[in-house]
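Trainee: make a model of this:
(one chain, ligands or ions: 1)
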Amino acid sequence: MKNRILFLITVLSALVGLQAQKVEDTKVILITLDGFRWQELFAGADSLLIGNEDYVHDVGMLKENFWRETPEERRQVLLPFIWDQVEKMGQIHGNRRLGSKVDLTNSMWFSYPGYNEILTGTADDKNIRSNDKIPNPNLTILERFNKTPEGKGRVAAFGSWDVFPYIINEERSGVPVNAGFEAASGNLNEREQFLNQLQKQIPSPWGSVRLDAFTHHYALEYMKKEHPSLIYISYGETDDFAHDGDYQAYLKSAHNTDALIKELWEFTQQDDFYRDQTVFLITTDHGRGTEPLDTWRSHGSQVNGAGQVWFVVFGKEVTPLGEVAQEEQLYSNQIAPTILQHMGIPLPMGIKGAPMKL
Ligand SMILES: [Zn+2]
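Mentor: As a prediction, the model looks like this:
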């Protein structure tokens, strides 16, 4: 009898320990690339666009950089971190040519509804119908995490687009959001001070979106100083260069973002707080068109295929499946519940997406 009780206590404390370890130790880095197509993720530069002078200033240079004979070579040269390293250690979902599908469940197929779906786990076509700067009535996982005792003050968001303070409802949620052309504030290190200076001196091509290097380095410096357990980083260039019809800049930006993500991964692997404890989840807020050709520039419910997205995951406790080559159907609303589950936070009532097994 005594033995049995002892055994039970051992099992119970092991279970409690396991749970406690998950909650305290798992860190999550959620990343989005605005409007980056699955077509380029899985096949690299598009043969119909890379030689098209309507969309490319310097065809020779662009082809030298990103054109290769096979889709496998093209994607590797476009996104070397994803296809050299992430493919070996993580999962890459959404290659529809192989049967792996990832779709939005919102029917808008533009940014605010996409980010709301990714960050809350539930599409809200009734309330989120524009990109206007309206405080989000829905709770993001960032806000939910900030409400837990272990998450309080351990969460942050960085975005290139100036609507993120509203999508994350910075005011209500208390989640610090640095987005648009906002400078870093607080107790700044030398690099942050320099970034603040450069941000004023390097004009962005756009009115509401800054260049991603600023978003990236503000986030990285913040991680070094504050060590948030949950951080969201939203890169924006890909969407805006596509709207501009600049395929050359769209590809270069995707290539650059791949290197920025590699830098984040390498930072986490040499930092005691993050090393071996961190999961990276990367996705996009919407797809773009392919047919007619010019619809590659745009998205929205009128654009065929703009609801098709993709999803990449790697890091702590992620099974290395590589490029998923079997029939599956995933949805963007599964990302938020998957993160909550991975961090040991109970799923809220009414959340639409089902958590994925990673
Ligand atoms: Zn857009």
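Trainee: rest of the way, CA atoms for contacts and neighbours
Mentor: OK.
Trainee: after the least confident helix or strand in the chain by mean pLDDT, next one along is what?
Mentor: The least trusted helix or strand in the chain, going by mean pLDDT, DSSP states H and E, turns out to be helix 2-25, with a mean of 52. Reading on from helix 2-25 to the C-terminus, the next helix or strand found by DSSP states H and E is strand 27-33.
Trainee: need the helices for the stretch 251-358 of the chain, in chain order.
Mentor: In order along the chain, the stretch 251-358 of the chain carries the following helices (DSSP state H, counting those that start in this stretch): 335-342.
Trainee: okay, now the unreliable bits of it?
Mentor: Counting by pLDDT under 70, the stretch 251-358 of the chain contains no low-confidence segment.
Trainee: now do 90
Mentor: Residue ranges of the stretch 251-358 of the chain with pLDDT under 90: 349, 357-358.
Trainee: what ranges do the strands span in it?
Mentor: Remark: strands of the stretch 251-358 of the chain, listed N- to C-terminal, are 278-283, 308-309, 311-315, 322-323, 328-331; assignment by DSSP state E, counting those that start in this stretch.
Trainee: which of these sits most buried?
Mentor: Across the strands of the stretch 251-358 of the chain, the average number of neighbours (mean count of other CA atoms under 10 Å) peaks for strand 308-309, which reaches a mean of 26.
Trainee: mind giving me the packing neighbours of that one?
Mentor: For strand 308-309, the elements it packs on are strand 100-103, judged by 3 or more CA pairs under 8 Å, 6 or more residues apart in numbering; DSSP states H and E.
Trainee: what about the strand it packs on, distance to the chain center?
Mentor: The chain centroid and the centroid of strand 100-103 are separated by 16 Å, computed with CA atoms, centre = their mean, to the nearest Å.
Trainee: so in that sheet, which strands flank it, and in what orientation?
Mentor: Within its sheet, strand 100-103 is paired with strand 308-309 (antiparallel), strand 328-331 (parallel), according to DSSP bridges.
Trainee: any residues touching it, and which ones?
Mentor: The set of residues external to strand 100-103 that reach it, using CA atoms under 8 Å, 6 or more residues apart in numbering, is 93-95, 307-311, 324-332.
Trainee: could you redo the last one with a cut-off of 6 Å?
Mentor: The set of residues external to strand 100-103 that reach it, using CA atoms under 6 Å, 6 or more residues apart in numbering, is 94, 307, 308, 309, 310, 326, 327, 328, 329, 330, 331.
Trainee: and the furthest pair within the residues you listed?
Mentor: The most widely separated members of these are 307 and 326, with 20.1 Å between them, by CA to CA.
Trainee: more crowded one of the two?
Mentor: Between residue 307 and residue 326, counted using other CA atoms under 10 Å, residue 307 has the larger neighbour count: 25 against 14.
Trainee: hmm, the more buried one is touching residue 104, no?
Mentor: Yes. Under the criterion of CA atoms under 6 Å, residue 307 makes contact with residue 104 at 5.3 Å.
Trainee: what strands flank the one helix or strand residue 231 maps to, and is each parallel or antiparallel?
Mentor: Of the helices and strands defined by DSSP H and E, residue 231 is found in strand 230-235. Here strand 230-235 is paired, per DSSP bridges, with strand 27-33 (parallel), strand 155-159 (parallel).
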